[in-house]
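> structure for this input, please:
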Amino acid sequence: MPLLNSTQYQAMEKAAYGAVPGRAYPDFAKLEPLLYNADGTPKYNTNWQKEVYKPTFSQNYNLSISGGNPNVKYSMNYGYQDDHALMLFTYLKKYSARINVDAKVNSWLTTGINLSGIGTKERIQDDQVGGFNGPRNVMEQLPMIPVKMPDGSWGGNFMHLNSEGSDNPVNLLTNYYNINNKINVLGGSYINVRFSDSFEFKTSLSAESFTNKNDISSSGSAVQRGLYQRIRAGINAERYFYWQSSSYFTYKKQLNEANNLNVILGTEWAKKHDETFGVSASNFDSDFYLANNLGAGIVPSPPTSNAYDWQIHSYFSRVTYSLLDRYLFTATGRYDGSSKFGANHKYAFFPSAAVAWRVSEENFLKNSRIVSDLKLRLSYGSTGNSEIGQYQSIGALASNTAIFGGSRAGGQVQGRIPNPNLQWEKTNQFDAGVDLGLFNNRINAVADFYNKITTGLLLNAPVPFSSGFDNVLTNIGSVRNRGFELGLNTRNLIGAFKWNTTVNFSANKTKILALGLNNEDIFPGPGFLDQTNILRVGESVGTFYGLTRLGTWGEHEADEAAKVGAKPGDIKESTTKSILGHAYPKFVSEIINKFSYKNFELLVDIQVSEGNSVLNLGYATSEDRQTLANSYTTVLDAWTPSNQNTSIARVRLNGDGPSLRQDSHYVQDGSFIRGKNILLSYTFPKSIVTALHLSNLRMFAGVQNAFLITKYKTGYDPEVSTYPQAFAYGIEFYAQPKARTFNFGINASL
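Modelled structure (predicted):
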């Protein structure tokens, strides 16, 4: 990203001081001799992006062993992964093992078991979205600050007059520890009983045990001034146990040469128990212990803990009927119940039906030299969504404290409004599709048109402030998704030189049909400076909202600007808010070409996204806060009496008041074309493979994220979301860059 260097920053800073009558530019040669030469020029010019984002190496190893006999088959898999991100000291180490065994006990009984374990250690450096984390500090650290001073101490913005006093990002990344240690164990087994050729029963049980110990601590040298003031350390832990059981009967019968019937009837249970706790302390005498001895902290914080249960119970059935292998009929039904919903609405029924006609089996097409396969499909069905938090339908208590008689006392208050009518969010979808194969299936196409309407959206709706709460989770409104999907596969050349092409294309349009009782606007967040996005009837999900930037006020507009409390050089914006853009693209496509000649194979994978916008909130803080932190080079085009036709406000001292309002200036076109993957491989000839006592040997080399063509210039990558909220897609606040990865590997089989 283009950031100001030391010379540019100093010029901008002088302009900011010069904009204030009677305010002289400080003599930094005397005030800050560690940073400035005797002539007033900066001693250092640090490129913080180069200091923080470094080329790294990652490695991945997998070993698979399988074998057995006609009655018992087994497989074992082992893996080790060591991934390092571009940002300093960011990594993920993973160890995994898996074993599967399937046994045929006799002619009517088969059984199997699988067990896997995954252990990971991960160091995170981009948490605290919006706070002073690594990615943000990279952009805002002043260029005249060195990584380390000559005496070995860390540099930081706190060394420069009037700047925001944070430490430099290399210091933060070196000495701030946020480490997850996770252990995940999964296991399952099944029993299949075959009563006859037509009738069988299968039951399965699977379980998952998960633990995570999150250690957070910071060395004394990485204390962010103005934020922590002291050395802090803490431990957050989570463990959960989840199990799922499924049992069903299957009846399949060929009634005669023309008719086939398949019926499934079953039930499922699933349950999860989750526990979390957290402890922390501050005012350590030293950073020696980090998070390994919280008792050494002088000031302990109140511990936190939480526990919840969730379960689901389902009945399901499916009937499939085939006539002459040309006419296919399927009907399914699910009756699902979730503990998350209100007492009278826990269960809901979700039916679906589908018909298909294999036209290519009809006499008038069966011997066609052009059409090798043609199938028409229609379906309509309903599905449910229960992905919300636990206990949302009932009231909840929350812990709080108050001062009584000069002492703090603890107590309980109502923490949530109950909603006994909370129920499943339902989506009804109609789909019409066609499967087409031409010229002996050298051309294959799958096309689908769909129309989905989701009702009873699970959203936080605003409530009157007189209730004592801001919102309540409820079922409100409906959304329509309508779109088209196309998959195309062609074998262009089939001789010694082969060329295959795969194209996947999808276009989706979303429209909010209703919201609440009166179609009120809903602002789902995250919210920064102001509301960032909006849910509004008639608009799509993922709609950005705010003021429109009209430019800057000119000197000839001084009187008009004064009416809105502005002056020449200030940002000129609309008086009302409006729709600024949409996060989701009009269409996305992926084009994969595979070329092969003898033992060589080349794969080229291109990704296309068109029509989406990105809201980059980083520009609000790194363009409008001059002299407080570093800025983007766009401020070099700031308003001056001789440069009034610009959208960038005049530079000013931070105390002069930055704009910091969300407007259209921060919304950019996020369309792109990406070289997703380019891979060249070579399969060794049989003679070499046999001589090495192998059955197969392949070597490959390639590059992922090979290139990016986009108009999005205000961030590293337009395919971005930094906030966790469900409706915050396409909103960026200091994201890490995506790596261009060069890879090399070997596949060998015995």
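
> wait, isn't T640 in contact with R650?
Yes - using CB atoms under 8 Å, T640 makes contact with R650 at a distance of 6.8 Å. Where you see a C-beta, it was placed from the backbone N, CA and C, and this is true even at glycine.

> compare those two (neighbour count), which wins?
It is R650, of T640 and R650, that has more neighbours when counted by other CB atoms under 10 Å, with 24 against 13.

> picking that back up, any residues in contact with both of T640 and R650?
Counting by CB atoms under 8 Å, 6 or more residues apart in numbering, the residues touching both T640 and R650 are G569.

> so, low pLDDT: which residues of the protein?
For the chain, the stretches with pLDDT under 70 are 130, 132, 220-230, 655, 657-659.

> do a quick rundown of the helices in it.
Taking DSSP state H, the helices of the chain run over residues 6-18, 28-31, 48-52, 134-140, 169-175, 363-366, 558-562, 618-622, 686-691.

> right, and those - which one's nearest G675?
G675 lies closest to helix 48-52 among these, at 22.2 Å (CB to CB).

> touching that closest one from outside, list them.
1, 3, 87-88, 134, 137-139, 141, 143, 147, 168-170, 173, 630.

> what's the local residue count around the nearest residue to L255 once chain neighbours are set aside?
Ranked by CB to CB, 6 or more residues apart in numbering and with sequence neighbours excluded, the top spatial neighbour of L255 is L261, at 6.0 Å. For L261, the neighbour count with other CB under 10 Å is 15.

> likewise the one 3 residues further on?
Other residues within reach of I264 by the criterion other CB under 10 Å amount to 16.

> try H273
By the criterion of other CB under 10 Å, H273 has 14 neighbours.

> I118 contacts E208, correct?
No - between I118 and E208 no contact is recorded; they are 10.4 Å apart, counting by CB under 8 Å.

> coming back round to it: out of the contacts of helix 48-52, flag the one nearest to Y712.
When those are compared for distance to Y712 (CB to CB), M1 wins out at 11.6 Å.

> and the strands in the stretch 451-600 of the chain?
458-462, 471-475, 478-494, 497-514, 533-534, 543-546, 549-552, 571-573, 578-582, 587-597, 600-610 (DSSP state E, counting those that start in this stretch).

> report all helices and strands that the last one contacts.
Read that as strand 600-610. On a contact count with 3 or more CB pairs under 8 Å, 6 or more residues apart in numbering; DSSP states H and E, strand 600-610 meets strand 587-597, strand 672-683.

> any chance of CSV for the ones you listed, columns distance to W48 and mean neighbour count?
Output for those, formatted as CSV (distance: least, CB to CB, whole Å; neighbours: other CB atoms under 10 Å):
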stretch, distance to W48, mean neighbour count
strand 587-597, 34, 16
strand 672-683, 26, 17
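
> of the ones you listed, which is nearest A291?
Nearest to A291, of all the helices and strands packed on strand 600-610, is strand 672-683, at 39.1 Å by CB to CB.

> and the contacts of the closest one?
By CB under 8 Å, 6+ apart, the surrounding residues in contact with strand 672-683 are 590, 599-609, 696-710, 712, 718-719.

> pull out the buried residues from the residues you listed.
590, 601, 603-609, 697-698, 700, 702, 704-706, 708, 710, 712, 718-719 (16 or more other CB atoms under 10 Å).

> burial measure for K252, as a count.
Burial of K252 is recorded as 14 neighbouring residues (other CB under 10 Å).

> same check, this time on I512
I512 has 22 nearby residues by other CB under 10 Å.

> so it touches I534, yeah?
No - using CB under 8 Å as the test, I512 is too far from I534 to be in contact (9.7 Å).

> who's in contact with K94?
79-83, 118-120.

> one more pass at 7 Å, please.
The contact partners of K94, taken as CB atoms under 7 Å, 6 or more residues apart in numbering, are 81, 118, 120.

> looking at the sheet around it, what are its partners?
Beta-bridge pairing of K94 under DSSP bridges involves Q81, T120.

> identify the contacts common to I118 and E208.
Here I118 and E208 share the contacting residues N184, scored by CB under 7 Å, 6+ apart.

> ok, residues contacting stretch 517-528?
Stretch 517-528 is contacted from outside by 130, 459, 461, 515, 531-537, 617, 662, 723, 725, 727-728, 731, 733, using CB under 7 Å, 6+ apart.

> okay, buried residues for it please.
In stretch 517-528, counting by 16+ other CB under 10 Å, buried: 522-526, 528.

> same check, this time on stretch 487-496
Within stretch 487-496, the residues that qualify as buried are 487-491, counting by 16+ other CB under 10 Å.

> who touches stretch 298-311?
Outside stretch 298-311, the residues that touch it by CB under 7 Å, 6+ apart are 270-283, 339-340, 390-391.

> quick one: buried residues of it?
Buried positions in stretch 298-311, judged by neighbour count with 16+ other CB under 10 Å: W310.

> show the end-to-end separation of it, please.
With CA to CA, to the nearest Å as the measure, stretch 298-311 spans 42 Å from end to end.

> for I417, give its distance to A701.
Relative to A701, I417 is positioned 59 Å away (CB to CB, to the nearest Å).

> again with V359
Distance of V359 to A701, computed by CB to CB: 45 Å.

> show me where the stretch 601-750 of the chain has its strands.
Along the stretch 601-750 of the chain, the stretches classed as strands by DSSP E, counting those that start in this stretch are 613-616, 667-669, 672-683, 696-704, 708-710, 731-732, 741-749.

> got those strands as JSON lines, with distance to N428 columns?
Formatted as JSON lines, the strands of the stretch 601-750 of the chain follow (distance: least, CB to CB, whole Å):
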{"stretch": "strand 613-616", "distance to N428": "29"}
{"stretch": "strand 667-669", "distance to N428": "33"}
{"stretch": "strand 672-683", "distance to N428": "33"}
{"stretch": "strand 696-704", "distance to N428": "39"}
{"stretch": "strand 708-710", "distance to N428": "36"}
{"stretch": "strand 731-732", "distance to N428": "30"}
{"stretch": "strand 741-749", "distance to N428": "42"}
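
> quick one, which of the ones you listed gets closest to G411.
Closest approach to G411 among those is made by strand 731-732 (37.7 Å; CB to CB).

> and that closest one, what does it pack onto?
Contacts defined by 3 or more CB pairs under 7 Å, 6 or more residues apart in numbering; DSSP states H and E place strand 731-732 against strand 613-616.

> pull out the buried positions in the strand it packs on.
Neighbour-count burial for strand 613-616, counted by 16+ other CB under 10 Å, picks out 613-616.

> of these, which is the nearest to N500?
Lowest distance from N500 to these (CB to CB) belongs to V614, with 33.7 Å.

> show me what contacts that closest one?
668, 670, 712, 715, 718, 720, 730, 732.

> burial of the closest residue to it other than its chain neighbours, as a residue count?
Nearest residue to V614, sequence neighbours excluded (CB to CB, 6+ apart): G670, at 3.9 Å. Around G670 there are 29 other residues, counting by other CB under 10 Å.

> look up how far Y61 lies from G670.
For G670, the distance to Y61 (CB to CB) stands at 36 Å.

> show me what the closest residue to I746 other than its chain neighbours is bridged to.
Of all residues not flanking I746 in the chain, M699 sits nearest, at 5.4 Å (CB to CB, 6+ apart). Taking DSSP bridges, one finds Y682, I746 as the beta-bridge partners of M699.

> now M699: how far from K686?
M699 sits 15 Å away from K686, going by CB to CB.
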